[in-house]
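Enquirer: Turn this into a model:
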Amino acid sequence: MSVSIENLVTSGTFSLDGGTWEVDNNVWIVGNDTECVIIDSPHDADAIINQVRGRTVLGILLTHAHNDHIGAARQVAETVGAPIHLHPEDQVLWEQVYPGTTPDREITDGDEFHIGGVTLRAIHTPGHSPGSTCFHLETENTVFTGDTLFNGGPGATGRSYSDYPTILTSIRERLLTLPPDTIVGTGHGDNTTIAAERETLAKVSQ
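Expert: Model (predicted):
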């Protein structure tokens, strides 16, 4: 049975460094009729749980730990009975939302998650945050990039725990090496492709 990729958009706020902004976030659900994984859990736990439609959730995979990507994670995890996975370098951001706790499992570069006969591979791409991680679904020619790579270029690096040269290195060395027709499912906004973002990054100075 082939897997499907479902996109749900939830709305809420992003808060960091004393500022708060209204944002729309993409939630990605990869799976088949019986099992799935959830990539990011922002804002609206009920909407995410409804999108699961009773399937077994094998894991909640977080691209990073800014509050607008993890705010519903604990409620979703408790309801569907799934572990939360996060790269440990984002622990400081996780604790801004869930003080004194840790996610259920650590993500390391190269980790593989098997769902419905396909494999998601974790790619550590620091820069937007220290633990930012993308998930490559090679069989479906898709990579989920969180806030590392958008339609139009790199994610923001103007706030705490972000670094512009690091995100450029991550994108160039870890993402732009994927096949050019790879679809990029982002954390906010529209999809793009690796080919389109190669052109964008060619115009960006280090």
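
Enquirer: low pLDDT regions in this structure?
Expert: Under the criterion pLDDT under 70, the flagged ranges of the chain are 1, 205-206.

Enquirer: Only the buried residues of stretch 69-88, if you could.
Expert: Across stretch 69-88, burial judged by 16 or more other Cβ atoms under 10 Å covers 69-74, 76-77, 80, 82, 84-87. C-beta: built from backbone N, CA, C; applies to glycine.

Enquirer: list the contacts for the residue positioned nearest the centre of the chain?
Expert: With distances taken as Cα atoms, centre = their mean, the residue of the chain nearest its centroid is Thr63 (3.0 Å). By Cβ atoms under 8 Å, 6 or more residues apart in numbering, Thr63 lies in contact with 39-40, 69, 132-135, 144-148, 187.

Enquirer: I'd like to know which of these are buried.
Expert: For those, buried by 16+ other Cβ under 10 Å: 39-40, 69, 132-135, 144-148, 187.

Enquirer: Okay, the closest residue to the residue nearest to the centre of the chain other than its chain neighbours and Ser170: tell me how far apart.
Expert: Of all residues not flanking Thr63 in the chain, Gly146 sits nearest, at 2.6 Å (Cβ to Cβ, 6 or more residues apart in numbering). To Ser170, Gly146 is 11 Å away according to Cβ to Cβ, to the nearest Å.

Enquirer: what sits in contact with each of these two?
Expert: Joint contacts of Gly146 and Ser170 (Cβ under 8 Å, 6+ apart) are Ser132.

Enquirer: follow-up on the earlier one: tabulate the contacts of Thr63 (CSV), appending distance to Ile115 and secondary structure.
Expert: Conversion of these to CSV gives the following (distance: Cβ to Cβ, whole Å; DSSP: H, G, I helix; E, B strand; the rest coil):
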residue, distance to Ile115, secondary structure
Ile39, 11, strand
Asp40, 16, coil
His69, 20, helix
Ser132, 21, coil
Thr133, 16, strand
Cys134, 16, strand
Phe135, 11, strand
Phe144, 13, strand
Thr145, 18, strand
Gly146, 18, strand
Asp147, 23, coil
Thr148, 22, coil
Gly187, 20, coil
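
Enquirer: so which of the residues you listed comes closest to Arg174?
Expert: Of all these, Arg174 sits closest to Cys134, with 7.3 Å by Cβ to Cβ.

Enquirer: got the residue ranges for the strands in the protein?
Expert: Per DSSP state E, the chain carries strands over the ranges 4-16, 19-31, 35-39, 56-61, 84-86, 105-106, 112-115, 118-124, 133-137, 142-146, 149-150, 153-154, 183-186, 192-193.
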